[in-house]
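Participant: coords please:
(2 chains)
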Amino acid sequence: MKEQDDKLTLQETEQLCRLYMDCRLSVFEETELQYILTQVDYHSPLIDDVRNTMGCEPYITDKTSIKIDANRKRPFRKWTVYISIAASIAILFGISVTFFRDVSTDQNRSQSYYIAYADGHRLSDDAAKVQIETDIKSANDFFREMTELEAREKQIIDKFTTFNTPEE
Amino acid sequence: MKRLLIIFSMTIVALIANAKAPQIHVEKFFDGRYNKEKSVRTSVSKENGRYYRVLHVANNQAIVEEIYKTLTKDTETATKFFEQTGEGGKSTVVKLINNDETINIGFQQDPTGTSASLFINGSEKAFK
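Facilitator: You can find the predicted model right below:
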């Protein structure tokens, strides 16, 4: 930032004020702008507005007396805070839902169970057990057959690959 | 402040994604949606630390197609995929690894594509 003897022009100061109102300045740059506004005697609606927002007066020699209004009105920042709070609550809610769902799932998994539905209604325990035994057998048969089939297919591919590989 | 919030959010999302068991897309068909569907027969069981989920569809092409479409999503994260199409229909096997254990997903549909069976099994540890 320029020194005191190398003051900013009115246009440059206004540009900085515009950036401030758009919330595009860093905290450090805002502090510098605040200092500048106490050192220059420029006046325009925008500059005065920023001065009022920052709670500073022009030509304050005692820099320690500059006070920033803690409750200054900055609509953009206000909305950011609300959005941040909403986002935090949403995150916490998401974590708790995930956690409790996993806990309940784990509890369900800690015991044996047999549930079966057929023809649009739930089967009795005995009927369910019979259906499940049949289903488990079907599943095991299917996976065994597929494993054998895959092995056979692999063998054929291996043979084909070996057949086509030129001898060295 | 914004940066901190973004970093915090990303960390939480990463932790959740890391801690969560792999989502098996076809598992959704066992959430009770077909309990009153007469063309579908389902069974869900756990015994000796092993899970079985079996679903049979009879004469309902729409459901068969939906299951197969969902199964293709699981093939994207599969460690092994094998499919065979022949006169007897189409058979698909998808294997997923979680906690060093295998989750087997099998799908068998008849040549007409109107009837099918879906099998899911794996050890208890694989689903955690």
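
Participant: what's the burial count for residue B:6?
Facilitator: Neighbour count for residue B:6, taken as other C-beta atoms under 10 Å in any protein chain shown: 11. From N, CA and C alone the C-beta is placed, and that goes for glycine too.

Participant: Could you look up the next helix or strand downstream of the one helix or strand it maps to?
Facilitator: Taking DSSP states H and E as the definition, residue B:6 sits inside helix B:2-19. Downstream of helix B:2-19, the first helix or strand assigned by DSSP H and E is strand B:40-47.

Participant: Is there proximity between that next one and chain A?
Facilitator: Yes. Residues of strand B:40-47 are located near chain A by C-beta under 8 Å from any C-beta of the partner chain, namely B:40-47.

Participant: Out of these, who's the most crowded?
Facilitator: residue B:43 (26 neighbours).

Participant: Identify the residues contacting the nearest residue to that one once chain neighbours are set aside.
Facilitator: Leaving aside its chain neighbours, residue B:43 sits nearest to residue A:116 (4.1 Å; criterion: C-beta to C-beta, 6 or more residues apart in numbering or on different chains). Contacts of residue A:116 were listed using C-beta atoms under 8 Å, 6 or more residues apart in numbering or on different chains, and they are A:122-123, A:127-128, A:131-132, A:135, B:41-44.

Participant: How far does the helix or strand hosting residue A:51 sit from its chain's centre?
Facilitator: Using DSSP H and E, residue A:51 sits within helix A:45-54. The chain centre lies 35 Å from the centre of helix A:45-54; the measure is C-alpha atoms, centre = their mean, to the nearest Å.

Participant: residues of it that come out buried?
Facilitator: Within helix A:45-54, the residues that qualify as buried are A:46-47, A:50-51, A:53-54, counting by 16 or more other C-beta atoms under 10 Å in any protein chain shown.

Participant: Packing partners of that helix?
Facilitator: helix A:10-21, helix A:27-39 (3 or more C-beta pairs under 8 Å, 6 or more residues apart in numbering or on different chains; DSSP states H and E).

Participant: Ok, which of the ones you listed comes nearest chain B?
Facilitator: With C-beta to the nearest C-beta, the closest approach to chain B among the helices and strands packed on helix A:45-54 belongs to helix A:27-39: 9.7 Å.

Participant: For stretch A:155-165, buried residues please.
Facilitator: Here stretch A:155-165 shows no buried residue, counting by 16+ other C-beta under 10 Å.

Participant: Give me the residues contacting that stretch.
Facilitator: Stretch A:155-165 has contacts (C-beta under 8 Å, 6+ apart) with no other residue.

Participant: what's the average pLDDT for it?
Facilitator: Stretch A:155-165 carries an average pLDDT of 78.

Participant: got it, and stretch B:78-95?
Facilitator: Mean pLDDT, stretch B:78-95: 91.

Participant: Thanks a lot, see you next time.
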